[in-house]
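# Got a predicted structure here, sequence first:
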Amino acid sequence: MSARIAAMKQIVLTVLLAASVMFTSQVQAHGGLALADDMCVLTVGPYRMHFTGYQPLSQEEEFCEDIPEVGKTVIALDYIQEELRPLTTEVRIIRDTGSEENLDAITVYHLPPKVYPSASINIEHTFPEKGKFVGLVTVTGGAQDYVSRFPFSVGEGRPTPKIAIIAPIVLVIAAGAFFMMRSRSKTHPTAA
């Protein structure tokens, strides 16, 4: 009986450990873009910006990295640090060709360098087709330029939530443990 309880404890602990690893607060690097504390943060050299994207025609859900559908897309970059206000910021979206040699030829959107004293940059662009792209945000501060490069895709749909992947796995493991314990108790009746 104690071996059965020990085996059941081990199975339960394994399931709990697997679930806790999947549900921990995460930081997912995607080039210079990361999800931290439920906020998309773009790192440009020593500076950080809050990144928010959404598509007005598709449920107006915010996204942090990949753009789920083709069509009109709105992106807002809000400065986190006050030091960015007097600096110039340039935004460019290019097709991901593997080379940035001829930047003008692969650029699909360009916002020229400008100072944003309001600490907010709004970008509206319509992506007419699916594809792989790279966002380039350049901040010029004094003698040095800082560039953040973050790859993203357009039109690949919304990613499947982790719970939709994990829940069936946990249920299968729990059901397997239950039936294993049940079959063992039938083959080894407990002495009264």
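Yes, it's here.
# Sketch out the strands for this protein, chain order is fine.
For the chain, strands defined by DSSP state E occupy the ranges 29-30, 33-36, 39-44, 47-54, 62-63, 71-79, 88-95, 107-115, 120-127, 131-141, 144-154.
# Quick one, which of the ones you listed gets closest to Arg182.
Closest approach to Arg182 among the strands of the chain (Cβ to Cβ): strand 33-36, 41.7 Å. All C-beta spots, glycine's among them, are computed from the backbone N, C-alpha and C.
# Now the terminal residues of stretch 138-145, how far apart.
Using Cα to Cα, to the nearest Å, the end-to-end distance of stretch 138-145 comes to 7 Å.
# what residues does that stretch touch?
By Cβ atoms under 8 Å, 6 or more residues apart in numbering, the residues outside stretch 138-145 that reach it are 44-45, 47, 83-84, 87-92, 113, 146-148.
# In this structure, where is pLDDT below threshold?
The model of the chain has pLDDT under 70 over residues 1-39, 58-60, 157-172, 174-181, 184-192.
# ok so, going back, in the contacts of stretch 138-145, find the pair that's most separated.
Glu83 and Arg92 (22.1 Å).
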